[in-house]
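Chemist: coordinates for the following, if possible.
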Amino acid sequence: MKKIYDLNSISFRIPILKQPGDDPFDLTNATIEAAARRVGGTDATRYAGTVSIVNALGGICQVSFPPATFEGETGAFLLHVRAQRDGEDQTVAETTFAVEKSVRLPE
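Modeler: Down below sits the predicted model:
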C-alpha cells in the first residue's frame, strides 16, 4: 500500500482494464473521473483527483492530488477511478493508500 504524509502530494499511475486480467481499456476520447475517500467512509467526504492520460491505447492514466489535499487526515483511503467512452463502455479501477500525519517543525 502506498503511503503519504498529509501535507504531501501524491500521484498514481493507474492501468484501466476492460475486465480484471483482460486487455487495457482504450482511453482515446474517454472521460475519466477519480476521487478518494476514507476506507469505510461515505461519499460525503470525497477528494477529487486530477486525471491525465499517460498512454491512451495502453489504458494508463495518472491521478494526482496536490500538496495538503489530505491535511489533518490520517488512515486508509480508497482511490476510485471511472472511465467512460462512447456513452456505453465503463470500467472501474480501485487502489488503496495510507495517509499519516506530517511532522511539523516549530515556527
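
Chemist: can you pull up the most central residue in this protein?
Modeler: For the chain, residue 79 is the residue whose C-alpha lies nearest the centre (C-alpha atoms, centre = their mean; 4.1 Å).

Chemist: gap between the two ends of stretch 59-72?
Modeler: 33 Å (C-alpha to C-alpha, to the nearest Å).

Chemist: tell me the average confidence for it?
Modeler: Stretch 59-72 comes out with an average pLDDT of 95.

Chemist: what are the buried residues along it?
Modeler: Of the residues in stretch 59-72, 59-63, 65, 69-70 count as buried by neighbour count, 16 or more other C-beta atoms under 10 Å. Placement of C-beta: from N, CA and C, glycine included.

Chemist: now those residues in CSV, with secondary structure and distance to residue 48?
Modeler: Listed next are the buried residues of stretch 59-72 as CSV, based on DSSP: H, G, I helix; E, B strand; the rest coil; distance: C-beta to C-beta, whole Å:
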residue, secondary structure, distance to residue 48
59, coil, 21
60, strand, 20
61, strand, 14
62, strand, 14
63, strand, 10
65, strand, 9
69, coil, 9
70, coil, 12
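
Chemist: just to revisit the earlier point, what strand or helix carries the residue nearest to the centre of the chain?
Modeler: Here residue 79 is covered by strand 75-85, with elements defined by DSSP states H and E.

Chemist: please state the offset of that strand from the chain centre?
Modeler: Mean C-alpha position of strand 75-85 versus that of the full chain (C-alpha atoms, centre = their mean, to the nearest Å) differs by 5 Å.
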